[in-house]
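**Student:** here is my input; please provide its structure:
(2 chains)
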Amino acid sequence: MAATIHPPGTAPSIRSALTKAPTGIRGFDELTGGGLPRGRATLVTGGPGAGKTLFGLEFLVRGALEFDEPGVLLAFEESTADLTENVASLGFDLAGLEADGRLVIDAVRIDASEIVATGDFDLDGLFIRLASAVQSVDAHRVVLDTIEVLFGALGDEAIVRNEFSRLLRWLKDHGLTTVITGERGREGQLTRYGIEEYASDCVIVLDHRMHDEIATRRLRVVKYRGSVHGTNEYPFLITDRGLRIWPITSTALTYAVSTERVSSGVPQLDQMLGGGVYRGSTVLVTGTAGTGKTTLAASAVDAACTRGESALFVSFEESPDQIIRNLRSVGIDLGRWVDAGLLRLWGERATAFGLEAHLSRIERLLEETEPTVAVLDAVGSLSNVGAEAEVTSAVVREVDMMKSRGITGILTSLSHDAQRESSTVAVSSVVDTWLLLRNVESDGERNRLLFVMKSRGTAHSNQVREFLLTHHGAELLDVTVGARGVLTGSARLAQAAEERAAAADRSAELERRRMALARRTAEVEAEVAALRAQLATESAELDRLVAEESRGTAARTADRERLARRRESGSANGSPGSRDG
Amino acid sequence: MDANGPAHDDESGPSPIYELRLYLAGHSPKSVRAVENLRRACEEHLPGRYRIELVDLLENPQLARGDEIIAVPTLVRKLPQPVRRIIGDLSDTEKLLIGLQLRSASGQQ
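**Tutor:** Coordinates of the predicted model:
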């Protein structure tokens, strides 16, 4: 073969050569960046009951339904009737697809007990069957389930191997995107007959294991030549709508964010949070038993429904009827919103299913209800279901599900240790707002306190509030800070009474002083009046004296004149010297 | 379908008639060998009481599915019951005879 020489820059790009065929399996295409390698064979291996056949079937069914790529299934283990029946519960109508000419199922029956091998043979019979099936529907996809049966049944393994690799070449030459299922081999081996060495483009391992009595299914992409892929084990689930894989990759932080604030249902709390929580953000409410987490969450739901928005309330602890009854006692009537079709209440024990089933249920509820506000009460219950790390990742995925849909999420979580402020589920870092409710015991009673531990993008109050459950819902009260710290309940009332009494005392004193002052003012004014009167009297006396004096002067003048006139007329001259009187 | 085996109709004998069908894919050396090996064995061990039908799957591909054929050549003993399948070019006469139950594994008929 002559080497092909490309001028610089014109070498064929490997990247462009690899295209992918979407499987339509939820989560898988995100995990692999688009699906399976197109025109190549992928090996899907796993133990019995791991979901290999289902993977292959969903790949075919979705290909036919969603991507207009008809398919062929060569089934070596199950009859067509069995297969059709088995996947009918997943909503896959194999018979219908066959009738529409979009799918061919050829169940290849091999009974090793009635086959004797003598001499050289090949698998042209299988090739002919496959070719005619592919031709009949113009198939783009092929599933061989489980072709390893051939190795055991036909005796001469060397021939089967040779034929198998010829088959893969044939599939590739015809551009068929193929899924080959294989049974997991002994320790360390991906398949019983080592067929992974032939299907070298992509290998997927499915696993079904028991963990704390709960079955968990996992998927891992062991190999994907020429493609970036997630290498972790991803939990998956067989739901009534097919497989569901939960790749972390979907937690890409690309949510659309809103600056709109929505009410938490408690006006005083909205005030503490600078006007409410951002729409589409996630609120975590933690607290010990009986601190009012559910009520706080219900208040937000009530507020949303009052605004005419739809809401979802999922409880892992109480039945819907119980929730309605209990919340009615604090004046929150969720029943009317249920009746109005705005609220969906859903109750189920978290222990009933594994974590993946739980996630799948939540996703389905979110998809069906399309709420603007969703409550999960309480995510801590999940720790009964899985190990802590798994629970955390499940909750992160829930947060992700809600954020990606723009749903305001409220998670509650029970914390057992009141002193430890970290929540039982270490998810506080993925939530936007964290409210901590705490019981404070003093003076023979327990009272509730609310703290805003954090609230992203909000200048939130750093203050503690007393959280009251009243007959008309939740309320926050300003706490009283006394000599012994924050006072709540009757201690707060006592403090308030004392303060009122002190205030009353202070006002009485003031009144007394005010009256005293008034009296003194009156006295002073009276004195001033008296002095004025005296002054007036004295002034009048002076006037009188002045008048008398002037009259005296005039008289003396007149006397003197009379006297002078008399002296002038010859009488003795006298000098009557007059003075002012 | 060309039935070109010599049909020796001898229904009076206590031994049953063997109805054999040989599935082939074209005229490959394997196919030719298988036909030769089968004829020789039948003449030797089933003289006068066998029928052979040859089926070329390239001409009748639908029969591969209908008759559950994967490997070629495949010899199917349709009669006497039960149905037996022998795959390969039938070069190992011992195994062929065992497969047709003309000889038990221990060597006796």
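**Student:** show me what contacts A:Leu60?
**Tutor:** A:Gly71, A:Val72, A:Leu73, A:Leu103, A:Arg141, A:Val143 (Cβ atoms under 8 Å, 6 or more residues apart in numbering or on different chains). Every residue, glycine included, has its C-beta placed from N, CA and C.
**Student:** which residue sits closest to the fourth one, ignoring its sequence neighbours?
**Tutor:** Taking Cβ to Cβ, 6 or more residues apart in numbering or on different chains as the measure, A:Leu103 lies nearest to A:Leu97, with 3.9 Å between them; neighbours along the chain are not counted.
**Student:** picking that back up, out of the contacts of A:Leu60, list just those in strands.
**Tutor:** Judged by DSSP state E, the contacts of A:Leu60 include A:Gly71, A:Val72, A:Leu73, A:Leu103, A:Arg141, A:Val143 as members of strands.
**Student:** for these, which one is nearest A:Gly119?
**Tutor:** Closest approach to A:Gly119 among those (Cβ to Cβ): A:Val72, at 30.1 Å.
**Student:** what's opposite that closest one in the beta bridge?
**Tutor:** Bridge pairing for A:Val72 (DSSP bridges) gives the partners A:Val104, A:Val142.
**Student:** max-length helix in chain B?
**Tutor:** helix B:29-45 (DSSP state H).
**Student:** tell me the buried residues in that one?
**Tutor:** B:Lys30, B:Ser31, B:Arg33, B:Ala34, B:Val35, B:Asn37, B:Leu38, B:Arg39, B:Ala41, B:Cys42, B:His45 (16 or more other Cβ atoms under 10 Å in any protein chain shown).
**Student:** who does it touch, helix- and strand-wise?
**Tutor:** The helices and strands touching helix B:29-45, judged by 3 or more Cβ pairs under 8 Å, 6 or more residues apart in numbering or on different chains; DSSP states H and E, are strand B:18-24, strand B:50-56, helix B:93-99.
**Student:** so is whichever helix or strand comes after the second one next to chain A?
**Tutor:** Same thing as strand B:50-56. Later in the chain than strand B:50-56, the nearest helix or strand by DSSP states H and E is helix B:62-66. Yes. Using Cβ under 8 Å from any Cβ of the partner chain, we find that helix B:62-66 touches chain A at B:Gln62, B:Ala64, B:Arg65.
**Student:** list only buried entries from the residues you listed.
**Tutor:** With burial judged by 16+ other Cβ under 10 Å, the buried subset of these is B:Ala64, B:Arg65.
**Student:** could the buried residues of helix B:29-45 go into JSON lines alongside pLDDT?
**Tutor:** Shown next, in JSON lines, are the buried residues of helix B:29-45 (pLDDT from 0 to 100):
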{"residue": "B:Lys30", "pLDDT": "89"}
{"residue": "B:Ser31", "pLDDT": "91"}
{"residue": "B:Arg33", "pLDDT": "92"}
{"residue": "B:Ala34", "pLDDT": "92"}
{"residue": "B:Val35", "pLDDT": "93"}
{"residue": "B:Asn37", "pLDDT": "92"}
{"residue": "B:Leu38", "pLDDT": "93"}
{"residue": "B:Arg39", "pLDDT": "92"}
{"residue": "B:Ala41", "pLDDT": "91"}
{"residue": "B:Cys42", "pLDDT": "91"}
{"residue": "B:His45", "pLDDT": "89"}
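**Student:** identify, from those, the entry nearest to chain A.
**Tutor:** Distances from chain A to those, taken as Cβ to the nearest Cβ, are shortest for B:Lys30 (5.7 Å).
**Student:** I figured that closest one hits A:Phe121, correct?
**Tutor:** Yes. In this structure, B:Lys30 is within contact of A:Phe121 by Cβ atoms under 8 Å, at 7.1 Å.
**Student:** quick check: neighbours shared by those two?
**Tutor:** The contact lists of B:Lys30 and A:Phe121 share B:Val72, B:Pro73, B:Asp89, where a contact means Cβ under 8 Å, 6+ apart.
**Student:** and the closest residue to A:Gly27 other than its chain neighbours, bridged to which residues?
**Tutor:** Nearest residue to A:Gly27, sequence neighbours excluded (Cβ to Cβ, 6+ apart): A:Ile245, at 3.2 Å. Beta bridges link A:Ile245 to A:Phe236 when assigned by DSSP bridges.
**Student:** so for the host helix or strand of A:Val546, mean pLDDT?
**Tutor:** If you go by DSSP H and E, A:Val546 is part of helix A:489-568. The average pLDDT for helix A:489-568 rounds to 84.
**Student:** I'd like to know which elements that helix is packed against.
**Tutor:** Helices and strands touching helix A:489-568, as assessed by 3+ Cβ pairs under 8 Å, 6+ apart, comprise strand A:445-455, strand A:480-482.
**Student:** lowest-confidence stretch among those strands?
**Tutor:** strand A:480-482 (a mean of 65).
**Student:** chain A contacts on chain B?
**Tutor:** Counting by Cβ under 8 Å from any Cβ, chain B sits next to chain A at B:23, B:25, B:30, B:33-34, B:37, B:57-58, B:61-62, B:64-65, B:68-74, B:82-92, B:95-96, B:98-99.
**Student:** do I have it right that the residue nearest to A:Gly27 meets A:Leu31?
**Tutor:** Yes. Using Cβ under 8 Å, A:Ile245 and A:Leu31 qualify as a contacting pair, with a distance of 6.1 Å.
**Student:** where in chain B is pLDDT low?
**Tutor:** Along chain B, segments meeting pLDDT under 70 span B:1-14, B:104-109.
**Student:** A:Asp106 - that's part of a strand, no?
**Tutor:** Yes. The assignment for A:Asp106 is a strand, going by DSSP: H, G, I helix; E, B strand; the rest coil.
**Student:** could you check how far it is from chain B?
**Tutor:** 6 Å (Cβ to the nearest Cβ, to the nearest Å).
**Student:** and that residue, how many neighbours?
**Tutor:** A:Asp106: 18 surrounding residues under other Cβ atoms under 10 Å in any protein chain shown.
**Student:** correct me, but it touches A:Ala133?
**Tutor:** Yes. Using Cβ under 8 Å, A:Asp106 is in contact with A:Ala133, at 5.5 Å.
**Student:** quick check: neighbours shared by these two?
**Tutor:** Residues touching both A:Asp106 and A:Ala133 by Cβ under 8 Å, 6+ apart: A:Val72, A:Leu74, B:Arg65.
**Student:** give me every residue that touches the last one.
**Tutor:** For B:Arg65, the contact set (Cβ under 8 Å, 6+ apart) comprises A:Asp106, A:Arg129, A:Ser132, A:Ala133.
**Student:** contact partners for the last one?
**Tutor:** When contacts are counted by Cβ under 8 Å, 6+ apart, A:Ala133 touches A:Val72, A:Leu74, A:Val104, A:Asp106, A:Ala139, B:Arg65.
**Student:** sorry, back to before: of all the ones in strands among the contacts of A:Leu60, which comes closest to chain B?
**Tutor:** Looking across the ones in strands among the contacts of A:Leu60 and measuring by Cβ to the nearest Cβ, the closest to chain B is A:Val72, at 11.5 Å.
**Student:** residues in contact with the closest one?
**Tutor:** Residues counted as contacts of A:Val72 (Cβ under 8 Å, 6+ apart) are A:60, A:103-106, A:130, A:133-134, A:137, A:139, A:141-143.
**Student:** do A:Val330 as well
**Tutor:** A:Thr295, A:Leu469, A:Thr470, A:His471, A:Gly473, A:Ala474.
**Student:** how would you label the residue nearest to the second one when sequence neighbours are not counted: helix, strand or coil?
**Tutor:** Think A:Leu469. Among residues not flanking A:Leu469 along the chain, A:Val330 sits closest, at 4.8 Å (Cβ to Cβ, 6+ apart). Following three-state DSSP, we place A:Val330 in the coil state.
**Student:** and the gap between A:Val330 and chain B?
**Tutor:** Distance of A:Val330 to chain B, given as Cβ to the nearest Cβ: 69 Å.
**Student:** one step back: so can I have JSON lines of the helices and strands packed on helix B:29-45 showing distance to A:Glu368 and mean neighbour count?
**Tutor:** As requested, the helices and strands packed on helix B:29-45 are exported to JSON lines (distance: least, Cβ to Cβ, whole Å; neighbours: other Cβ atoms under 10 Å in any protein chain shown):
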{"stretch": "strand B:18-24", "distance to A:Glu368": "54", "mean neighbour count": "21"}
{"stretch": "strand B:50-56", "distance to A:Glu368": "55", "mean neighbour count": "20"}
{"stretch": "helix B:93-99", "distance to A:Glu368": "60", "mean neighbour count": "19"}
